[in-house]
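>>> Sequence plus predicted model, see below.
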Amino acid sequence: MKIQKRTLYDTLYISSDNNISVEQMNHFLLCGDSNWEYYFNKIIDTKSDYEILHNIELLEFDNQNSAEEYLSITSPDLIQDISFENNFFGILKLND
């Protein structure tokens, strides 16, 4: 299992709003598989409903098997969401 890329975010924003602007989508990171929520590194659409997360890591893997192997050895309490869409294999986790 090899983590291809690791990015730490002090703050991330989550929205499930279906009317997200093109400008907001310029700050899109991923769409979570569990609730189809959108994750952004910056919020532009201040009128949209959003939540704030702090101290989050985005881990990117070469393939789904590597990502699933990582999930199997990580506490589920640390996992915020995953995204295995369009040849992207990412895990958002609380930075421990």
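It's in.

>>> quick one: the helices in the chain?
Under the criterion DSSP state H, the chain contains helices at 22-25, 64-72.

>>> Could I get those helices in JSON lines, plus columns for distance to N86, mean neighbour count and mean pLDDT?
Any C-beta I mention is one placed from the backbone N, CA and C, and that applies to glycine too. Formatted as JSON lines, the helices of the chain follow (distance: least, Cβ to Cβ, whole Å; neighbours: other Cβ atoms under 10 Å; pLDDT from 0 to 100):
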{"stretch": "helix 22-25", "distance to N86": "15", "mean neighbour count": "12", "mean pLDDT": "92"}
{"stretch": "helix 64-72", "distance to N86": "12", "mean neighbour count": "15", "mean pLDDT": "95"}
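
>>> Which parts of this protein are strands?
For the chain, applying DSSP state E gives strands covering 3-15, 28-31, 38-40, 51-61, 79-85, 88-94.

>>> most tightly surrounded among these?
Neighbour counts (mean count of other Cβ atoms under 10 Å) averaged over each of the strands of the chain peak at strand 38-40, with a mean of 22.

>>> Tell me which other helices or strands it touches.
Counting contacts by 3 or more Cβ pairs under 8 Å, 6 or more residues apart in numbering; DSSP states H and E, strand 38-40 packs against strand 3-15, strand 28-31.

>>> follow-up on the earlier one: between the helices of the chain, which one is nearest to Q4?
helix 64-72 (8.2 Å; Cβ to Cβ).

>>> who are the neighbours of that closest one, in terms of helices and strands?
Counting contacts by 3+ Cβ pairs under 8 Å, 6+ apart, helix 64-72 packs against strand 51-61, strand 79-85, strand 88-94.

>>> Nearest to Y13 among these would be which one?
Closest approach to Y13 among the helices and strands packed on helix 64-72 is made by strand 51-61 (6.0 Å; Cβ to Cβ).

>>> Present the helices and strands packed on helix 64-72 as TSV; the columns should include mean pLDDT.
As requested, the helices and strands packed on helix 64-72 are exported to TSV (pLDDT from 0 to 100):
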stretch	mean pLDDT
strand 51-61	96
strand 79-85	94
strand 88-94	95
